[in-house]
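J.: 3D model of this:
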Amino acid sequence: MKRKSILFSMMLILLALPLNAQIEIEQETSSEQETESATQGFFVKGGSQKIDALECYTFKDLILSFDLKEEHFNCDGIDIEIFVGKKMYNKGGLRQEEFTALFGGKKYAYFKVFSSEDMKERSKWGFTRSLLQHTNIKRDLDGTKMVVKVFCGKITGEEEISEVISDKVVTRKKKIWKWDESTAFSIELKNRIYIKPLKFMVSDYPKEPVATGDCYE
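T.: All right, here's what the predicted structure looks like:
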């Protein structure tokens, strides 16, 4: 009861404030919740334009960027996964030495997802522009996102793995990794095109995206 009375008193105090004071409080709360980094997200036009949604798919380039934290340089490795809807794509991670050589002393890290004007280009993560634009699931036409997840990996030990090679048992040591998510951000995929599924639910995706006017020119 005491907690309810305190909350009720706070509501009365807020309602008693002038309208402009209430608006200022709401704006301050909103800005704190919606703080967004200018250097983290997806970019086109050589990194000069940040986009909040991918609305067309014949873009010349696409870059992902994320702000660097101290923890990124205390990992044994960095891995980046990209999800298109529920489908995950992984291009393999970077050892700490490689990551530090590329981004040591910088405030953000960036990677090219697409970098050529070849509309058939396959990203280093394994998907194409056409795959972003097309779907064989109607419910994925709207609201589907491309999500980037950055993981910090640490080696926690080693284990021995035995396998038979040329009728001989070969034993080798494999490092045990523990991965923790450090950063995640996303972008909505808009204006997608439905492709009717064929046999076994395999769609005949076009090799190139369909042009829908100037695309981030």
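J.: what secondary structure does the residue positioned nearest the centre of the chain sit in?
T.: In the chain, the centroid-proximal residue (Cα atoms, centre = their mean) is residue 148; its distance is 1.4 Å. The three-state label given to residue 148 by DSSP: H, G, I helix; E, B strand; the rest coil is strand.
J.: and what of residue 101?
T.: helix.
J.: Provide a list of residues in contact with it.
T.: Neighbour list for residue 101: empty [criterion: Cβ atoms under 8 Å, 6 or more residues apart in numbering]. No exception for glycine: its C-beta is placed from N, CA and C like everyone else's.
J.: Can you check what pLDDT the model gives it?
T.: On pLDDT, residue 101 comes in at 97.
J.: Check the one 3 residues further on too.
T.: In the prediction, the pLDDT value recorded for residue 104 is 96.
J.: I'd assumed residue 73 was in contact with it.
T.: Yes - judged on Cβ atoms under 8 Å, residue 104 makes contact with residue 73 at a distance of 7.2 Å.
J.: The two - which one has more neighbours?
T.: residue 73 (15 against 10; other Cβ atoms under 10 Å).
J.: Enumerate every residue touching the more buried one.
T.: Per Cβ under 8 Å, 6+ apart, neighbours of residue 73: 96, 99, 100, 104.
J.: Excluding residues flanking it in the chain, which one is nearest the third one?
T.: Put plainly, it is residue 100. Distance criterion Cβ to Cβ, 6 or more residues apart in numbering; nearest residue to residue 100, sequence neighbours excluded, is residue 73 at 6.2 Å.
J.: For the chain, just list every one of the strands.
T.: Ranges of strands in the chain, per DSSP state E, are 41-44, 49-51, 53-54, 62-67, 77-84, 87-90, 94-95, 108-114, 134-135, 145-165, 168-189, 193-194.
J.: Mind listing the strands the fourth one pairs with, and their directions?
T.: In other words, strand 62-67. strand 41-44 (antiparallel), strand 108-114 (antiparallel) (DSSP bridges).
J.: centre of the chain versus it, how much separation?
T.: Its chain's C-alpha centre lies 9 Å from the corresponding centre of strand 62-67 when counted by Cα atoms, centre = their mean, to the nearest Å.
J.: pLDDT averaged over it, what's the number?
T.: 97.
J.: Give me whichever of the strands paired with strand 62-67 is most buried.
T.: Neighbour counts (mean count of other Cβ atoms under 10 Å) averaged over each of those peak at strand 41-44, with a mean of 20.
J.: and that one, average pLDDT?
T.: In this model, strand 41-44 has a mean pLDDT of 98.
J.: try stretch 117-126
T.: Here stretch 117-126 scores 94 as its mean pLDDT.
J.: for the chain, which spans come out with low pLDDT?
T.: Counting by pLDDT under 70, the chain has low-confidence residues at 1-35, 199-203.
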